[in-house]
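J.: no sequence on this one, just coordinates:
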Ligand SMILES: Nc1ncnc2c1ncn2[C@@H]1O[C@H](COP(=O)(O)OP(=O)(O)OP(=O)(O)O)[C@@H](O)[C@H]1O
């Protein structure tokens, strides 16, 4: 059942006395291109954190491709193919761009001191494979020219691309992208959107939180709108953005 979907079922979350999510239920195609919008403070980032396992819901359930992941930690969700990026990129500023990608790779047995002594050849081979994979993504993301620069020196848009690269190192089947276009110039927005389209055509699904509605609706096939902690509307982007309830809730009718 729902073996090809991310199913979010009746999620509740309160911080102190304030209820942020009040029974959010939605179902997104795991391999599809979907967007999640809503006014500031609607609970989008909180929902992302709960879906990816960084925060616990007070109630509700999450299923990914038929697996109940509600009680799994972040690492186990990543193993099942779920990846996420953050609104504020979390790269290591003092590491190079390439090192940032390599550090994101899972299962680095080279980090265990014992295996450095016992199996040095295997670790060198593994590191070489990780470096090759990182270089492949750097090339795909047009970051090869800055691979040896410190991540802190990148522009806002390049940092978004790096963040995407870091999650790609986890080999996800679905990526939750938190505001990929925020603080990015229009040219680079087009480039990031194109990368997302290419990855989608290769079978990686996306659920994207974004305030730039024009860029988002041009990219995704399906939009979800949450408002005051519940799902307000969903459907084809043009239909959703024309929905009077959405226009009313979202920016007080200015959409
Ligand atoms: N750790 C926390 N402790 C207390 N309140 C929190 C916490 N995280 C989020 N909130 C509150 O929950 C509400 C929803 O925040 P959230 O960041 O999920 O909304 P959002 O829809 O992503 O907003 P934005 O579009 O502005 O990023 C906000 O009122 C926020 O202040």
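T.: Happy to help now that I have it. The shown structure was predicted, so the numbers you read here are calculated from the model rather than taken from an experiment.

J.: Look through the chain and tell me its longest helix.
T.: With secondary structure taken from DSSP state H, the chain has its longest helix at helix 120-140.

J.: Just the buried positions in that helix, please.
T.: 123, 126, 130, 133, 134, 135, 137, 138, 140 (16 or more other C-beta atoms under 10 Å). In short, each C-beta sits where N, CA and C put it, glycine included.

J.: do stretch 244-253 as well
T.: 246, 249, 250.

J.: Give me the pLDDT value at the residue nearest to the last one when sequence neighbours are not counted.
T.: The spatially closest residue to residue 250, leaving aside those adjacent along the chain, is residue 39, at 5.6 Å (C-beta to C-beta, 6 or more residues apart in numbering). Confidence at residue 39, expressed as pLDDT, is 92.

J.: and residue 39, that one's in a strand?
T.: No: under DSSP: H, G, I helix; E, B strand; the rest coil, residue 39 falls outside any strand and is assigned coil.

J.: Hmm, residue 227 and it touching each other?
T.: Yes: Residue 39 lies in contact with residue 227 (C-beta atoms under 8 Å); the separation is 6.3 Å.

J.: Name the residues contacting each of those two.
T.: Common neighbours of residue 39 and residue 227 (criterion: C-beta atoms under 8 Å, 6 or more residues apart in numbering): 249, 250.

J.: for residue 70, what are its contacts?
T.: 57, 60, 61, 62, 63.

J.: Would you mind listing which of those residues are buried?
T.: 57, 60, 62, 63.

J.: Redo those as JSON lines? Include pLDDT, distance to residue 156 and secondary structure.
T.: Formatted as JSON lines, the buried ones among the contacts of residue 70 follow (pLDDT from 0 to 100; distance: C-beta to C-beta, whole Å; DSSP: H, G, I helix; E, B strand; the rest coil):
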{"residue": "57", "pLDDT": "97", "distance to residue 156": "31", "secondary structure": "coil"}
{"residue": "60", "pLDDT": "98", "distance to residue 156": "34", "secondary structure": "strand"}
{"residue": "62", "pLDDT": "98", "distance to residue 156": "31", "secondary structure": "strand"}
{"residue": "63", "pLDDT": "97", "distance to residue 156": "34", "secondary structure": "strand"}
